[in-house]
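Asks: Show me how the following folds:
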Amino acid sequence: MGPTGGGKTTLCLALNGIIPHSMGGTIGGRVLINGRDTRHHSVPELAQTVGLIFQKAETQLFNMTVEEEVAFGLETLGLPSAVIHDRIDWALSLVGMAKYRQRSPFGLSGGQKQRVAIAAILAMKPPVLVLDEPTANLDPIGKREVFAAVNHLRQHDGMTIIMVSHESEQIAEFGDRVAILSDGKIAYLGSPQDIFCPPQTIQSIGLNVPQVSLLADCLNRKREQQLRLIRLNEAFEALKGIQLVVPLEKKPPESESDQPSSPQFVIEDLTYHYTGQQHALDQVSLTIQPGAFLGVIGQNGSGKTTLVKHLNGLLRPVTGRVLFDQVDITSRSVAQLAKRIGYVFQDPDHMIFSETVFAEVAAGLRNLGYDEAIVADQVKKTLAEFELHPYAEHQPTQLSFGLRRKVSVAAVVAMDTDVVILDEPTSGLDQRSTDELLKILQRLNRKGRTILMITHDMNIVARFIPEAVVMHQGKILAHQSTRDLFQNDALLDMAQLNRPQITQLARQLNSPWPALTPAELCQQLLDPEEA
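Replies: Have a look, this model is predicted:
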């Protein structure tokens, strides 16, 4: 674990010889893999011992079908045909991609590409497996499945696992040791319990901890206890039997006007399919009010990105229509819509093209025709807001993935559009950067901007996003408040979504009121006088 830009990916690349053999720079010290010095053995040699799953799945995909992608590494190992077929079946089933084996990997969603990249390396069963943010683009069930699968390989095949991840709750459950990298150095090293308890140590460098660790810290400070909790089952055992207090519910603020505003977006019976594929969207209808802050959630491949790409004209309906301010979007060009609708792509490298970070953030404003003095002022403010000022003259393509992510979001936010659409904008970001981004979006929303955000992080949904659209197999299952969503068992089961850890614990403790954050559950566990 470590802050954005802390050196995690660089370390991964040094573990299989890509550093120093395939990248520029200067190396000191040495890396030994099973006694072999990476400086004196080639990447192909080391690849037989160390399997590396890159942070960006597209970096690894190059075959024409999913099946061929998984078969490629097995063929290079010279395995018998029967073994290769068995390994392909096993690996694709493990990551939930068996039914996509004849599909092109380049036509898959970002999360599905990630699953294929994972399957291709897992199938080779290397003695050492290095994974760089392997679950960043996966839905909640997918994250847990990957962690469980990797843990199975560790227990049953003796595989050594080195994983970069911000998923503290999964690390707490499956990890043996945690190393915290900060500024290119090992800042902390220890067991998950030593690292996460108390939480303030790694929170201070911008990382997250399991929600039950935050709950334990809250109770310890209020009651002067010594709880050290990092796993859900531990928290339940420690807290079961306590009578929870029902808090006073806050009334929603009264509306300034009794008259509802006209919808900003109206989607009517929208259907879309990619060439040669089944419907990605199937008769979707949705209304979005001005000033909404809306989460778009669902499994990988459920149609989330396809839906939001219709809102700024990047995709055009096969049937149905999309209205923006009561005008059919197909009557306007993407360039015209970009003046009012900002769009942040799932992959920052699909957006970045300028020579410096300053120029990248300025590009949209310049395209909109703003005076150069206004551009300079707005860019400086945005760089400061995103803490990117130190990188203003850096080439953005040379930054870490997390920093490139921040640059891509800043470039869109700087344009000050009426609507901001973000596709998985927190993937690869540490907790501090994630919280800062969400607070920026909340400020924009309070000023009247409409925010639509695709995310797989249910903790983000619970903490920041008041309402959500749930998608499944190209359809909208529900559009409701976040609190109602996490009480809806049937909906969550159908969409294969998890509740936040603290909400799961509240249900196990028979909470009379659904807690969405550790602070809310802490309040219920305290007597009114203590709270």
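
Asks: Domains in this protein, by residue range?
Replies: 8-165, 265-501 (automatic domain parsing).

Asks: For the ones you listed, could you give me TSV that also reports distance to Asp217 and mean neighbour count?
Replies: The way it works is simple: take the backbone N, C-alpha and C, and place the C-beta from them, glycine included. Shown next, in TSV, are the domains of the chain (distance: least, C-beta to C-beta, whole Å; neighbours: other C-beta atoms under 10 Å):
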stretch	distance to Asp217	mean neighbour count
domain 8-165	22	18
domain 265-501	14	19
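
Asks: for those, which one sits closest to Pro199?
Replies: domain 265-501 (10.5 Å; C-beta to C-beta).

Asks: now the closest one: mean pLDDT?
Replies: The average pLDDT within domain 265-501 is 94.

Asks: ends of that domain, how far apart?
Replies: From its first residue to its last, domain 265-501 covers 33 Å (C-alpha to C-alpha, to the nearest Å).

Asks: Kindly report the same for stretch 86-103.
Replies: 19 Å.

Asks: Now Ile374: which helix or strand?
Replies: helix 372-385 (DSSP states H and E).

Asks: Go ahead and name everything in contact with stretch 51-63.
Replies: 9, 12-13, 15-16, 18, 69, 71-72, 105-106, 110, 113-114, 116-118, 120-122, 124, 126, 128-134, 136-137, 164, 347, 349, 401, 428 (C-beta atoms under 8 Å, 6 or more residues apart in numbering).

Asks: In this structure Gly50 contacts Ile18, no?
Replies: Careful, residue 50 is Val and not Gly. No: using C-beta atoms under 8 Å, Val50 is not in contact with Ile18; the gap is 10.0 Å.

Asks: show me the biggest helix of this protein in terms of residues.
Replies: The longest helix of the chain (DSSP state H) is helix 140-157.

Asks: all strands for the stretch 351-500 of the chain, in order.
Replies: 419-423, 450-454, 467-472, 475-481 (DSSP state E, counting those that start in this stretch).

Asks: now the stretch 1-150 of the chain
Replies: Going by DSSP E, counting those that start in this stretch, the stretch 1-150 of the chain shows strands at 32-33, 36-37, 50-53, 128-132.

Asks: Only C-alpha atoms, please: export the third one in PDB.
Replies: Right, strand 50-53. This file holds the C-alpha atoms of strand 50-53, laid out as PDB (Å, rounded to 0.1, in the frame of the first residue of the first chain):
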ATOM      1  CA  VAL A  50       7.400 -14.200 -11.600                       C
ATOM      2  CA  GLY A  51       4.000 -13.500 -13.100                       C
ATOM      3  CA  LEU A  52       3.100  -9.800 -13.300                       C
ATOM      4  CA  ILE A  53      -0.400  -8.400 -13.700                       C
END
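
Asks: related to what we said a few turns ago, in CSV: the domains of the chain, plus distance to Arg221.
Replies: Output for the domains of the chain, formatted as CSV (distance: least, C-beta to C-beta, whole Å):
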stretch, distance to Arg221
domain 8-165, 28
domain 265-501, 20
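
Asks: Tell me which of these sits nearest to Gly184.
Replies: Closest to Gly184 of those, according to C-beta to C-beta: domain 8-165, at 7.6 Å.

Asks: Can you show me the helices along the stretch 351-500 of the chain?
Replies: Counting by DSSP state H, counting those that start in this stretch, the stretch 351-500 of the chain has helices at residues 357-367, 372-385, 401-413, 431-446, 458-464, 482-485, 489-495.

Asks: roughly how far is the shortest one from the heart of the chain?
Replies: Distance of helix 482-485 from the chain centroid (C-alpha atoms, centre = their mean, to the nearest Å) equals 20 Å.

Asks: next one: the second one
Replies: The gap between the average C-alpha position of helix 372-385 and the chain average comes to 28 Å, counting by C-alpha atoms, centre = their mean.

Asks: Tell me what angle it forms with helix 401-413.
Replies: 140 degrees (axes from the mean of the first three to the mean of the last three C-alpha atoms, to 10 degrees).

Asks: Could you find the closest non-adjacent residue to His479?
Replies: Val469 (4.9 Å; C-beta to C-beta, 6 or more residues apart in numbering).

Asks: spatially speaking, which residue is in the middle of this protein?
Replies: Nearest residue to the geometric centre of the chain (C-alpha atoms, centre = their mean): Ser427, 3.5 Å.

Asks: Backbone torsions only: list them for the closest residue to that residue other than its chain neighbours.
Replies: Nearest residue to Ser427 in three dimensions, chain neighbours excluded: Ala136, at 4.4 Å (C-beta to C-beta, 6+ apart). When read as degrees, to the nearest 10, the backbone of Ala136 gives phi -60, psi -30.

Asks: Next: Ile329.
Replies: phi -60, psi -30.

Asks: Need the strands of the stretch 1-150 of the chain in a markdown table (columns: distance to Val296).
Replies: Output for these, formatted as a markdown table (distance: least, C-beta to C-beta, whole Å):
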| stretch | distance to Val296 |
| --- | --- |
| strand 32-33 | 42 |
| strand 36-37 | 47 |
| strand 50-53 | 26 |
| strand 128-132 | 26 |
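
Asks: can you redo those as a markdown table with distance to Gly206 and mean pLDDT?
Replies: Below are the strands of the stretch 1-150 of the chain laid out as a markdown table (distance: least, C-beta to C-beta, whole Å; pLDDT from 0 to 100):
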| stretch | distance to Gly206 | mean pLDDT |
| --- | --- | --- |
| strand 32-33 | 30 | 94 |
| strand 36-37 | 34 | 94 |
| strand 50-53 | 24 | 94 |
| strand 128-132 | 18 | 95 |
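
Asks: Go ahead and name everything in contact with the longest helix of the chain.
Replies: By C-beta under 8 Å, 6+ apart, helix 140-157 touches 94-96, 111, 115, 118, 122, 125, 129, 131, 134-135, 138, 159-161, 163, 167, 170, 173-174, 299-300, 456, 458, 496-498.

Asks: Can you name the residues that contact the residue nearest to the centre of the chain?
Replies: Contacts of Ser427 by C-beta under 8 Å, 6+ apart are 133, 136-137, 346, 405.
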